[in-house]
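Enquirer: make a model of this:
(one chain, ligands or ions: 1)
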Amino acid sequence: MQLTKYEEDMYNGEYGEGKAECMEILVSLGKIYDAEKMIPITSAQVSGVSYKTIGDAGLDFVVDLGLKADVELETMLNPAGVDIENWEELGFSEEFTKKQIDIIRGYESIGVMSTCTCTPYLIGNTPLLNEHVAWSESSAVCYVNSVIGARSNREGGPSALLAAIVGRTPYYGNHILENRKADIIFDVDYDFTNEAEIGALGYYAGQIVNDKNPYFKLNTNPGRNNLKTLGAALASSGAVSIYHVEDVTPEADFARYHETFDELEVVDVDEKIVKDNLDGLSTTDKVPDLVCLGCPHASISEIQKVAQLVNGKKLKKDLWICTSKAIKAISQQCGFSDIIEAAGGKIVSDTCMVVAPVEELDYEVLGVNSAKAANYVPNMCKLDVVYDTVENLIDMITWKNC
Ligand code: F3S
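Expert: Numbers count the residues shown, from 1 in each chain. Model (predicted):
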């Protein structure tokens, strides 16, 4: 692997033991993937934050980070296991919360921003086309590659963190233009009307392509929120890290006019495939006792829509909208939080229905409008799910006589 003089000096310890250790691991990783060099990055996003998923071993790793080196660039954290401010009100235990806060403080001690969100691109970590980054949350990786056109591999939490400390990552995979071309075409003959349908398409396509690059021909532009949903679904049922949507995403033309494009396999998708996958994601037909939205973390327009749907109503079951602290603050400023709270809902920040220990609370059935959440909740939380649109889920838990 070719290293620059600066990289060699870091590798040899001239910038401290911490950076040398990071370089050693990243160079070894690069050799595994035949990377010819390292590539400088402009931002990082680090998963491996929830105490539920990383446990005591992860906590020890993060606390030890303070002994190594600080991150060099904009580095944001993925969701944690609890809402740091409102954990008690939501029913999370003090013991879990204490360990969770220790993990976050460990990351903060080396300069990582404790944004605790899987949608860093909604709160200012928005790279430009062709920028190289090292992100690790799978839905965010899908978004940054596909919708923004920046370049990231699907990093693990530790490799993203090491890259943030030395400011570079091995040059392989999605960092190389050639590897971003389409591998399989989905020709979709159906007019999507909601997020549950587009999530069902992603869930279906992810299983077919696994880690290949799907190219979608859709009848209409799904919009930013639905592209967020689509990528999360693709990355959960498959290992997709980049997709293209014809006439919508920034590199679709590159993918389309590539010399091999006309020889690609084409999968036809019709209404039946979409509806069957949508129906198949529910594990029960019971009414949810918690409707949990915001997977990936909700945008301000998604929160606005919920506020419009619950305005003047009373909910008979719990409603959480998961988002970042930053979007929650905007929601408060815009009055959306007041409307949602008056109906009985809550804006929950820092965490989500998958990485929080929701199974320790008093819920049996979660209502979700995210195919990723519907895919993960039965396994990771051992709870039943109802998968439907935000309109239908809210309708299910609204008192009808007020
Ligand atoms: Fe984000 Fe949690 Fe979904 S981390 S993508 S809200 S599973």
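
Enquirer: for the ligand, what's its nearest residue on the stretch 151-300 of the chain.
Expert: C295 (3.3 Å; C-beta to the nearest ligand atom). No exception for glycine: its C-beta is placed from N, CA and C like everyone else's.

Enquirer: check the stretch 51-200 of the chain for the residue nearest the ligand and tell me.
Expert: In the stretch 51-200 of the chain, the residue that lies nearest the ligand is C118 (3.2 Å; C-beta to the nearest ligand atom).

Enquirer: what residues does the stretch 251-400 of the chain have near the ligand?
Expert: Applying C-beta under 6 Å from any ligand atom, one finds that the stretch 251-400 of the chain approaches the ligand through 295-297, 322, 352, 354-355, 372-373, 376.

Enquirer: which members of those residues occur in helices, if any?
Expert: Counting by DSSP state H, the part of those found in helices is 372-373, 376.

Enquirer: okay, and the spatially most central residue of the chain sits in which element?
Expert: Centrality entry for the chain: nearest residue to the mean C-alpha point is S139, 3.4 Å, by C-alpha atoms, centre = their mean. For S139, the element it lies in under DSSP states H and E is helix 138-143.

Enquirer: hmm, that helix touching the ligand?
Expert: Yes: figure legend: helix 138-143 in contact with the ligand (C-beta under 6 Å from any ligand atom); contacting residues S139.

Enquirer: tell me which strands and helices that helix is in contact with?
Expert: Counting contacts by 3 or more C-beta pairs under 8 Å, 6 or more residues apart in numbering; DSSP states H and E, helix 138-143 is packed against helix 224-237.

Enquirer: from the chain's centroid, how far away is the helix it packs on?
Expert: Put simply, helix 224-237 sits 8 Å off its chain's centre (C-alpha atoms, centre = their mean, to the nearest Å).

Enquirer: could you identify the helix or strand that succeeds it?
Expert: Stepping forward along the backbone from helix 224-237, the first helix or strand reached (DSSP H and E) is strand 244-245.

Enquirer: direction included, what does that next one pair up with?
Expert: Strand 244-245 has these partner strands in its sheet, going by DSSP bridges: strand 214-217 (parallel).

Enquirer: what's the burial count for K37?
Expert: K37 has 15 neighbouring residues, counting by other C-beta atoms under 10 Å.

Enquirer: verify the stated contact: it with Y171.
Expert: Yes: under the contact definition of C-beta atoms under 8 Å, K37 touches Y171, with a separation of 5.0 Å.

Enquirer: which parts of the stretch 101-250 of the chain are strands?
Expert: When assigned using DSSP state E, counting those that start in this stretch, the strands of the stretch 101-250 of the chain occupy the ranges 134-135, 168-170, 184-188, 214-217, 244-245.

Enquirer: what's the first one in contact with?
Expert: Think strand 134-135. For strand 134-135, contacts defined as C-beta atoms under 8 Å, 6 or more residues apart in numbering pick out 41, 43-45, 120, 141, 144, 152-153, 155, 159-160, 163-164, 169.

Enquirer: now rank the residues you listed by neighbours and give me the top one.
Expert: The most neighbours, when the contacts of strand 134-135 are compared by other C-beta under 10 Å, belong to A163, which has 34 neighbours.

Enquirer: quick check: buried residues in the lowest-mean-pLDDT helix or strand in the chain?
Expert: Of all helical and strand segments in the chain, the minimum by mean pLDDT, DSSP states H and E falls on helix 252-256, at a mean of 86. Neighbour counts over helix 252-256 (16 or more other C-beta atoms under 10 Å) mark 252, 255-256 as buried.

Enquirer: secondary structure element holding the closest residue in space to Y204 that isn't next to it in sequence?
Expert: Counting by C-beta to C-beta, 6 or more residues apart in numbering, the nearest residue to Y204 once its immediate chain neighbours are dropped is N277, at 4.5 Å. Taking DSSP H and E as the criterion, N277 maps to helix 271-280.

Enquirer: what's the angle between that helix and strand 184-188?
Expert: Regarding helix 271-280 and strand 184-188, their directions subtend 100 degrees when assessed with axes from the mean of the first three to the mean of the last three C-alpha atoms, to 10 degrees.

Enquirer: what about helix 271-280, distance to the chain center?
Expert: In terms of C-alpha atoms, centre = their mean, the gap separating the centre of helix 271-280 from the centre of its chain is 23 Å.

Enquirer: show me what it is packed up against.
Expert: On a contact count with 3+ C-beta pairs under 8 Å, 6+ apart, helix 271-280 meets helix 195-209.

Enquirer: point out where the stretch 1-150 of the chain drops to low pLDDT.
Expert: Per-residue confidence for the stretch 1-150 of the chain (pLDDT under 70) gives these ranges: 66-67.

Enquirer: where along it do the helices fall?
Expert: If you assign secondary structure with DSSP state H, counting those that start in this stretch, the helices in the stretch 1-150 of the chain sit at 5-11, 17-32, 51-65, 87-90, 94-108, 138-143.

Enquirer: check the ones you listed for me and report the most buried one.
Expert: The highest mean neighbour count among these belongs to helix 138-143 (a mean of 27), with neighbours defined as mean count of other C-beta atoms under 10 Å.

Enquirer: give me the residues contacting that one.
Expert: Contact with helix 138-143 is made by 45, 78, 118-121, 135, 152-155, 227-228, 231-232, 234-236, 239-243, 296, 372, as judged by C-beta under 8 Å, 6+ apart.

Enquirer: could you report the neighbour count for G206?
Expert: Counted with other C-beta under 10 Å, the neighbours of G206 add up to 27.

Enquirer: my guess is it contacts L234. True?
Expert: Yes: counting by C-beta under 8 Å, G206 does reach L234; the two are 4.3 Å apart.

Enquirer: who touches both of those two?
Expert: Counting by C-beta under 8 Å, 6+ apart, the common neighbours of G206 and L234 are V240.

Enquirer: circling back to that earlier point, most widely separated two among the residues of the stretch 251-400 of the chain next to the ligand?
Expert: Of all pairs drawn from those, the one with the longest distance (C-beta to C-beta) is H297 and Y376, at 14.7 Å.
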